[in-house]
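**Q** structure of the sequence below:
(one chain, ligands or ions: 1)
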Amino acid sequence: MSVIEGRIHSGVGGSYAVETGEGTFSCRARGLFRKQGITPLVGDLVRMERIDEEEGYIQEILPRKNALARPPLANLDQLFLLCSTAQPRPNLRLLDTLIAVAELSDIEPVVVFTKCDLAGGEDLARIYRAFPCFMVSMDSDVDIIRALFEGKTSAFCGNTGVGKSTLLNRIVPELRLSTGEISAKLGRGRHTTRHVELYPAAGGWVADTPGFSALEPLEQQVLAKENLAQGFREFEPYRGCRFLDCAHVKDSGCAVVKAMKAGEIPRSRHESYCALHETLKNKKDWE
Ligand code: ZN
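**A** Have a look, this model is predicted:
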């Protein structure tokens, strides 16, 4: 019996493909996890016991840096948040919510505005100047985005219609090919039900996920009104506001509100913060 470490790259019906330095193994999880209520996730670093050249058992899930329930992924380094400038028109409230969830989950948000040939993205890019932010159109150079993949595990998030697959295929042209190869190796067809899978991409890994526009952290309490300000990095220099426990919503002496009025914090970012704060506050009252 030999125990080796690896990473789950896909999982279907309780069978997980674990990539290790000694090859890929098809693994089942020990019943232990089910008893503890732990479900292995794609992206999990695991300790596995080899049975033979192809199969094994997952013995242990190593501590996670972060974990999302939807899409079901663990240990993400960065999240590309796609938003079109037009058709459909940008939903900044949704974008800001996703950014906050990512920040509080220790995932670096990368903002990408698509279809910039339809509507200029300059005003939008100015709002997100605190982030890695890109404007792309059909013919723009995507090398600079590809360079961000190196050594990281990334996922793409965006509503249907924002051009997620198109952009992903342009950044990683081999993805289409490798999709077929990996699926064949695991004995599945290419057009089976969509599920999450990690693919090698430009020196890193990318999760091919069905289009999703909501991020649901495994730990539900990741977003709370008490920590919401930490989900807005522009507030950072002003968090030591003169009010103790300031909500940074509308108090006249609040440093964050002052910075927003002075144009140092984009107005729409602060508006999203206030709307989210209100939602979270009410949610708490109901409970
Ligand atoms: Zn304040």
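**Q** what about stretch 33-48, start to end distance?
**A** 13 Å (Cα to Cα, to the nearest Å).
**Q** for stretch 242-258, same thing?
**A** 12 Å.
**Q** what residues does it touch?
**A** Stretch 242-258 is contacted from outside by 225, 229, 235, 238-241, 265, 270, 273-274, 277, using Cβ atoms under 8 Å, 6 or more residues apart in numbering. In short, each C-beta sits where N, CA and C put it, glycine included.
**Q** ok, 6 Å please
**A** 229, 235, 238, 241, 274, 277 (Cβ atoms under 6 Å, 6 or more residues apart in numbering).
**Q** outside of the helix or strand containing F25, which residues touch it?
**A** F25 belongs to strand 23-29 when elements are defined using DSSP states H and E. With Cβ under 6 Å, 6+ apart as the test, strand 23-29 has contacts from 15-18, 40, 48, 54-58.
**Q** in those, which residue is surrounded by the most others?
**A** Neighbour counts for the contacts of strand 23-29 (other Cβ atoms under 10 Å) peak at V18, which has 27 neighbours.
**Q** near the ion, which residues of the stretch 101-250 of the chain? Just list them.
**A** 241, 246, 248 (Cβ under 5 Å from the ion).
**Q** so which of these are in helices?
**A** Secondary structure of those is defined by DSSP state H; no position falls in helices.
**Q** low-confidence bits of the chain, can you list those?
**A** Scanning the chain for pLDDT under 70 picks out 1, 176-194, 210-214, 220, 284-287.
**Q** hang on, the earlier thing: tell me the one among the residues of the stretch 101-250 of the chain next to the ion nearest to L215.
**A** H248 (22.6 Å; Cβ to Cβ).
**Q** domains in this protein, by residue range?
**A** 2-63, 68-216, 224-281 (automatic domain parsing).
**Q** now the closest residue to the ion within the stretch 1-150 of the chain: which helix or strand?
**A** Proximity to the ion, evaluated over the stretch 1-150 of the chain using Cβ to the ion, is greatest for A100 at 16.8 Å. A100 is part of helix 92-104, with elements assigned from DSSP H and E.
**Q** what's next to that helix, contact-wise?
**A** Counting by Cβ under 6 Å, 6+ apart, 79, 81, 83, 109, 215, 222, 231, 268, 272 sit against helix 92-104.
**Q** one more time with 8 Å
**A** Against helix 92-104 from outside (Cβ under 8 Å, 6+ apart): 79, 81, 83, 108-109, 111, 124, 127, 131, 157, 213-215, 217, 222-223, 227-228, 230-233, 268-269, 272-273, 275-276.
**Q** and after that helix, which helix or strand comes next?
**A** Next in line after helix 92-104, if elements are assigned by DSSP H and E, sits strand 108-114.
**Q** relative orientation of that following strand and helix 92-104 in degrees?
**A** 150 degrees (axes from the mean of the first three to the mean of the last three Cα atoms, to 10 degrees).
**Q** ok now strand 108-114, how far from the chain's centre?
**A** In terms of Cα atoms, centre = their mean, to the nearest Å, the gap separating the centre of strand 108-114 from the centre of its chain is 10 Å.
**Q** packing partners for the following helix or strand past that strand?
**A** Downstream of strand 108-114, the next assigned helix or strand under DSSP H and E is helix 122-127. With contacts taken as 3 or more Cβ pairs under 8 Å, 6 or more residues apart in numbering; DSSP states H and E, helix 122-127 sits against strand 133-135.
**Q** ok, and what's touching the next helix or strand after the strand it packs on?
**A** As assigned by DSSP H and E, the chain's next helix or strand after strand 133-135 is helix 143-146. Contact with helix 143-146 is made by 80, 110, 112, 134, 136, 167, 171-172, 202, as judged by Cβ under 8 Å, 6+ apart.
**Q** now do stretch 44-61
**A** Applying Cβ under 8 Å, 6+ apart, the set of residues contacting stretch 44-61 is 1-8, 16, 18, 20, 22-23, 25-30, 33, 38, 40, 62, 64, 74-75.
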